[in-house]
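J.: Sequence plus predicted model, see below.
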Amino acid sequence: MNLGEQIKKVRTVQNLTQSQLAEKTGVSLRTIQRIEKDEVQPSSYSLQQLEKALSIDLKKEDTIQEMPSQKVYNISLNINTTEMRELIKDLKKLIGKHWKILLAIILLLLFLKNYTEIKSGLLDGWSKQ
């Protein structure tokens, strides 16, 4: 397997588009396309950036052969972690400013959900006296 095929295989296993890889590496999209088609050999800088972005050593051919399918899972996990961090940050901002209102809404919803049980419990308690 030649270098261009190796790069393409790793990129597709990691669910990256050529555009995303170009953005991660700082190498132009056209250069990525030409490298994958083996029209050009990457410069040492481009090769280093590709290895860094794809988290592999392209000099070791067995690295590509043993490319685990779980890599896709790890990447999607990282994306979900990033999204969760953003959500938590947004929630902290919301709660920080309006925590009293949110607490009142939550208590009101809990009360309404359990209204019949609360009412019957109170009435049972009063009727026993």
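T.: Structure's in. What do you need?
J.: before we move on, what SS does the nearest residue to Asp38 once chain neighbours are set aside have?
T.: Sequence neighbours aside, Gly4 is the residue nearest to Asp38 in space, at 4.0 Å (criterion: Cβ to Cβ, 6 or more residues apart in numbering). (C-beta placed from N, C-alpha, C; glycine too.) Secondary structure assignment for Gly4 (DSSP: H, G, I helix; E, B strand; the rest coil): helix.
J.: Burial check on Lys37, number of neighbours?
T.: By other Cβ atoms under 10 Å, the residues close to Lys37 number 11.
J.: so what's it closest to, chain neighbours aside?
T.: Closest to Lys37 by Cβ to Cβ, 6+ apart is Gly4, at 6.0 Å.
J.: what residues are up against the residue nearest to Asp38?
T.: Gly4 sits next to 35-38 when contact means Cβ atoms under 8 Å, 6 or more residues apart in numbering.
J.: Same question for Ile95.
T.: Neighbouring residues of Ile95 by Cβ under 8 Å, 6+ apart: Leu102.
J.: mind checking which helix or strand it is in?
T.: helix 70-113 (DSSP states H and E).
J.: ditto for Gln49
T.: If you go by DSSP H and E, Gln49 is part of helix 44-54.
J.: Just the CA trace of stretch 87-98, in CSV.
T.: Coordinates of each C-alpha in stretch 87-98 appear next as CSV, following Å, rounded to 0.1, in the frame of the first residue of the first chain:
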residue,chain,number,x,y,z
LEU,A,87,-23.8,22.0,27.3
ILE,A,88,-22.5,22.0,30.8
LYS,A,89,-20.9,25.4,30.4
ASP,A,90,-24.2,26.8,29.0
LEU,A,91,-26.2,25.2,31.9
LYS,A,92,-23.8,26.8,34.4
LYS,A,93,-24.3,30.2,32.9
LEU,A,94,-28.1,29.7,32.9
ILE,A,95,-28.2,28.3,36.4
GLY,A,96,-25.8,30.9,37.8
LYS,A,97,-28.0,33.8,36.7
HIS,A,98,-31.5,32.3,37.2
